[in-house]
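Asks: A predicted structure for the sequence below; I have some questions about it.
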Amino acid sequence: MTKVRRSFLPHPFLTTILVVVWCLLANGITLGTVVFGTILGLLIPLATAAYWPDAPKGVPPAKVLVYILIVVWDILVANVVVAWIVLTRRNQDMRSTWVTVPLELRTPEAIAILAGTITLTPGTVTADMSDEGHCLLVHALDADDPAAVRDEIKSRYERRLKEIFE
Amino acid sequence: MTGIVLIEIVIAAALVVGALFMLVGSIGLLKLDSPMKRLHAPTKAATLGVGALLAASMIHAFAFGDGSLKELLIMAFLFVTAPISANFIAKVAIHRGQDMPPPEPPNDDTWSTLDAPDTRPGRPDAPVEP
């Protein structure tokens, strides 16, 4: 049964997202948009299945929701903090530095989300990844202690992503 | 009557907050002095700026006409694409050595941007003369 379902519905979550996005684009829920959205939602995952052979399965929705709320809150705080630094701190007083974050995550999707989260949150931008993928290079705009930045990233985001994906 | 005034105040506040953060993002882009530092201003100040403007648009649509949630899509795409463009600009800055050199990675050989064959004459990857 699962095998049959997998052959025509390889990625139920992607299908749901596509239907919702299509209804948002059409800006209304009518029979026409839902039907056409469903057609797209069935065809696009089938057409792109070759590009995500090891898509993560069984992601707990409650934990994802908690993670999204934490990140949105951090983005709000980050904006105020960075705006304050930009407006009040002189350039030569900014202690901007590189921070290296050793990764425990191995799932590519989880590392991509972690990198995106770091870029969107307090005073840090993900710049690069090491050649074997075991480490992230992060630039901090104004940090007293690079180790503290690294530990916060690891405990606040990486730990939660590890629980979600691995 | 007072309800409409209240909603208008909320919309106006969101517009002002959004405009303020866009302004700070632009000031940061002008003021900061190295490519990596400059990257911080637009990736953050601008995401909340655009977010607040879109929130104002959504509140307006729901209060004075038919509701619209398209703005959520704009926000989602912005939040997904902003880190990627920031990453590309950072990679260029590292590649061209415009900022201070990054430290060695603790458990790998080098950073993937710098992991290019060294083809200068006399170096390990120099082209072999036939």
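Replies: Right, received. Where do you want to start?
Asks: any chance you could map the helices in chain B?
Replies: Counting by DSSP state H, chain B has helices at residues B:2-31, B:35-40, B:46-63, B:70-95.
Asks: longest helix in chain A, by residue count?
Replies: helix A:61-88.
Asks: what does the host helix or strand of A:Pro45 contact?
Replies: Using DSSP states H and E, A:Pro45 falls within helix A:31-48. With CB atoms under 8 Å, 6 or more residues apart in numbering or on different chains as the contact definition, helix A:31-48 has outside contacts at A:8-11, A:14-16, A:18-23, A:26. Heads up, the C-betas are built off the backbone N, CA and C, glycines and all.
Asks: at 7 Å instead, please
Replies: With contact meaning CB atoms under 7 Å, 6 or more residues apart in numbering or on different chains, helix A:31-48 is reached by A:Phe8, A:Pro10, A:His11, A:Leu14, A:Thr15, A:Leu18, A:Val19, A:Trp22, A:Cys23, A:Ala26.
Asks: which non-adjacent residue is nearest the most centrally placed residue in chain A?
Replies: In chain A, the C-alpha nearest the mean C-alpha coordinate belongs to A:Ile113, at 2.7 Å (CA atoms, centre = their mean). Computed as CB to CB, 6 or more residues apart in numbering or on different chains, the closest residue to A:Ile113 that is not its neighbour in sequence is A:Leu161, at 6.2 Å.
Asks: and the one helix or strand the one you found maps to, how far out from the chain's middle?
Replies: Element membership for A:Leu161, per DSSP H and E: helix A:159-165. Distance of helix A:159-165 from its chain centroid, counting by CA atoms, centre = their mean, to the nearest Å, is 12 Å.
Asks: And it, what's buried?
Replies: For helix A:159-165, burial by neighbour count (16 or more other CB atoms under 10 Å in any protein chain shown) applies to A:Arg160, A:Leu161, A:Lys162, A:Ile164, A:Phe165.
Asks: So the third one sits against A:Arg106, correct?
Replies: This points to A:Lys162. No: A:Lys162 lies out of contact with A:Arg106 (CB atoms under 7 Å); the separation is 9.4 Å.
Asks: coming back round to it: give me whichever of the helices of chain B is most buried.
Replies: The highest mean neighbour count among the helices of chain B, using mean count of other CB atoms under 10 Å in any protein chain shown, belongs to helix B:35-40: a mean of 22.
Asks: Chain neighbours aside, what residue packs nearest to A:Met129?
Replies: B:Ser112 (5.3 Å).
Asks: So the one you found is in contact with A:Glu132, correct?
Replies: No: using CB under 7 Å, B:Ser112 is not in contact with A:Glu132; the gap is 8.8 Å.
Asks: out of these two, which sits in the more crowded spot?
Replies: B:Ser112 (17 against 13; other CB atoms under 10 Å in any protein chain shown).
Asks: Now do the contacts for the more buried one.
Replies: A:Asp128, A:Met129, A:Ser130, A:Asp131.
Asks: ok so, going back, just the buried ones out of the contacts of helix A:31-48, please.
Replies: Among those, those buried by neighbour count (16+ other CB under 10 Å) are A:Pro10, A:His11, A:Leu14, A:Thr15, A:Leu18, A:Val19, A:Trp22, A:Cys23.
Asks: Identify the bridge partners of A:Val125.
Replies: A:His139 (DSSP bridges).
Asks: Dump the contacts of helix A:31-48 to JSON lines, plus distance to chain B and pLDDT.
Replies: Below are those laid out as JSON lines (distance: CB to the nearest CB, whole Å; pLDDT from 0 to 100):
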{"residue": "A:Phe8", "distance to chain B": "27", "pLDDT": "71"}
{"residue": "A:Pro10", "distance to chain B": "22", "pLDDT": "75"}
{"residue": "A:His11", "distance to chain B": "17", "pLDDT": "77"}
{"residue": "A:Leu14", "distance to chain B": "14", "pLDDT": "83"}
{"residue": "A:Thr15", "distance to chain B": "17", "pLDDT": "87"}
{"residue": "A:Leu18", "distance to chain B": "12", "pLDDT": "89"}
{"residue": "A:Val19", "distance to chain B": "13", "pLDDT": "89"}
{"residue": "A:Trp22", "distance to chain B": "10", "pLDDT": "89"}
{"residue": "A:Cys23", "distance to chain B": "9", "pLDDT": "88"}
{"residue": "A:Ala26", "distance to chain B": "9", "pLDDT": "84"}
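Asks: Right, I'll leave it there.
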